[in-house]
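> Quick one, fold the following:
(chains A and B)
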2 protein chains.
Amino acid sequence: MKKNTVYIAKSLDGFISGKNGTLDWLESVPNPAQEDMGYSVFMKEIDAIVMGRNTFETVLNFDIDWPYTQHVFVLSRTLSEVPEDLRQKITILSGTPQEVLDEIHRREYFRLYIDGGVTIQRFVAENLIDEFRITTFPILLGEGAPLFGPLSEPLRLAYVRSDVYLGQLVHDVYRKIG
Amino acid sequence: MKKNTVYIAKSLDGFISGKNGTLDWLESVPNPAQEDMGYSVFMKEIDAIVMGRNTFETVLNFDIDWPYTQHVFVLSRTLSEVPEDLRQKITILSGTPQEVLDEIHRREYFRLYIDGGVTIQRFVAENLIDEFRITTFPILLGEGAPLFGPLSEPLRLAYVRSDVYLGQLVHDVYRKIG
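The predicted model follows:
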């Protein structure tokens, strides 16, 4: 079954990164037991990850090994080189969201994790997101990269459920209508 | 006890009104039993309402009688006339948020409902909101008047609880820390 899911953290005022791309606020709620907020369960339901170049480069710059077991499709019109050790794990694609989806489905990946601010906004603008899983941190950042962007018209969603993690993080699930 | 509360509805993408000030999306979730989402209980705990001129004029233009029993403080540097029948119910004030609060407290109103986009942003920017009660509608508007605005620095809040109304509206309560 084809399904495109957004799974992301935002501030209460709707930013996915703060001023100059800061992500330190994601550590602002103590998490001594390493609660993963449903992430590992979610990732088991995913066939592949679709992200933009910005997010790809952010992940590359994290001081960790490549974190994904699933294949990653990086959307970019300019990127041509990927690190040698990642060549089997990454495919660079470009095109409209629908063109990209058609190509990924042709390769038999169907349950997709759509990640990264610009990429999410492009998919939302074409109503191609089936499920939103949004964790809201109890902080106002005031500026940064917004999760959502302009739309040609309002888009109604269906609320599904909420979970609260660490007593402070509200994880809300919304689905596409129809 | 002094307490400044924001009680407001927003879209999932953070707007309190849509393009050209539209509020029709507030009717986008069927509400046959006129569920008031805690509003009447909340209003019983309020001594007075503080709103900006825009919100005041919006309420005046609603096709209803003046809806508030509590005294309303309208923040405006330009407004001088109010409708004759509202003169006992409204006081026009201007100044910084703290100056306005000092004046309202001097008049012995302490539990205040802070309303309206610009007014809320000015009070939040000076960390003068004690409690946020935010109802999120399951809709992306794409543009409009945002609930939150720029801040001089990030502001951590404490998550308190959530309620779900009509199976679709998530009412989240946050409090000031410290």
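> could you say which helix or strand contains the residue lying closest to residue A:26 once chain neighbours are set aside?
Spatial nearest neighbour of residue A:26, excluding adjacent residues (C-beta to C-beta, 6 or more residues apart in numbering or on different chains): residue A:9 at 6.0 Å. All C-beta atoms are positioned from the backbone trio N, CA, C, and that covers glycine. Per DSSP states H and E, residue A:9 falls inside strand A:3-11.
> strands paired with that strand, and their directions?
Sheet pairing of strand A:3-11 (DSSP bridges) gives strand A:111-115 (parallel), strand A:131-137 (parallel).
> Give me the contact list for the longest one.
In other words, strand A:131-137. With contacts defined as C-beta atoms under 8 Å, 6 or more residues apart in numbering or on different chains, strand A:131-137 is touched by A:3-12, A:25-26, A:28-29, A:37-38, A:42, A:147, A:157, A:160, A:165, A:168-176, B:12, B:172.
> again with stretch A:167-178
By C-beta under 8 Å, 6+ apart, stretch A:167-178 touches A:9, A:29, A:37-38, A:127, A:129-138, A:156-165, B:12, B:136, B:138, B:158-159, B:162, B:170, B:172.
> what would the strands paired with strand A:3-11 look like in CSV with distance to residue A:79 and mean neighbour count?
CSV is the format used below for the strands paired with strand A:3-11 (distance: least, C-beta to C-beta, whole Å; neighbours: other C-beta atoms under 10 Å in any protein chain shown):
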stretch, distance to residue A:79, mean neighbour count
strand A:111-115, 16, 22
strand A:131-137, 27, 21
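> would TSV of those strands with mean pLDDT be doable?
As requested, the strands paired with strand A:3-11 are arranged in TSV below (pLDDT from 0 to 100):
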stretch	mean pLDDT
strand A:111-115	98
strand A:131-137	98
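> measure the residue nearest to residue A:26 to chain B for me?
Using C-beta to the nearest C-beta, to the nearest Å, one gets 14 Å for the distance from residue A:9 to chain B.
> need the helix or strand of chain A with the lowest average pLDDT.
Using mean pLDDT, DSSP states H and E, helix A:53-61 stands out as the lowest-scoring helix or strand of chain A, at a mean of 91.
> and the next element down the chain from the strand holding residue A:9?
strand A:15-17.
> Would you show me how to pick out the buried ones of the contacts of stretch A:167-178 in PyMOL?
In PyMOL syntax, the buried subset of the contacts of stretch A:167-178 is picked out as below (16 or more other C-beta atoms under 10 Å in any protein chain shown):
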select buried, (chain A and resi 9+29+37+127+129+130+131+132+133+134+135+136+137+138+156+157+159) or (chain B and resi 12+136+138+159+162+170+172)
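> Is residue A:166 in contact with residue A:29, as I believe?
Yes: contact criterion C-beta atoms under 8 Å: residue A:166 and residue A:29 qualify, at 5.4 Å.
> what sits against the residue nearest to residue A:26?
Under the criterion of C-beta under 8 Å, 6+ apart, the neighbours of residue A:9 are A:16, A:26, A:134, A:135, A:136, A:137, A:169.
> Quickly list what it is bridged to.
When bridges are called by DSSP bridges, residue A:9 pairs up with residue A:135.
> State the phi and psi torsions of the residue lying closest to residue A:15 once chain neighbours are set aside.
Among residues not flanking residue A:15 along the chain, residue A:144 sits closest, at 3.6 Å (C-beta to C-beta, 6+ apart). The phi and psi values for residue A:144, taken as degrees, to the nearest 10, are phi 140, psi -160.
> show me the contacts for residue A:96.
Residue A:96 sits in contact with residue A:126, where contact means C-beta under 8 Å, 6+ apart.
> ok, now with 10 Å
Residue A:96 makes contact with A:102, A:122, A:126, A:128, according to C-beta atoms under 10 Å, 6 or more residues apart in numbering or on different chains.
> Now which of those would you call buried?
Listed as buried from these are A:122, A:128; burial here means 16+ other C-beta under 10 Å.
> Put together CSV for the contacts of residue A:96, with secondary structure and distance to chain B on each row.
Shown next, in CSV, are those (DSSP: H, G, I helix; E, B strand; the rest coil; distance: C-beta to the nearest C-beta, whole Å):
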residue, secondary structure, distance to chain B
A:102, helix, 24
A:122, helix, 13
A:126, coil, 13
A:128, coil, 13
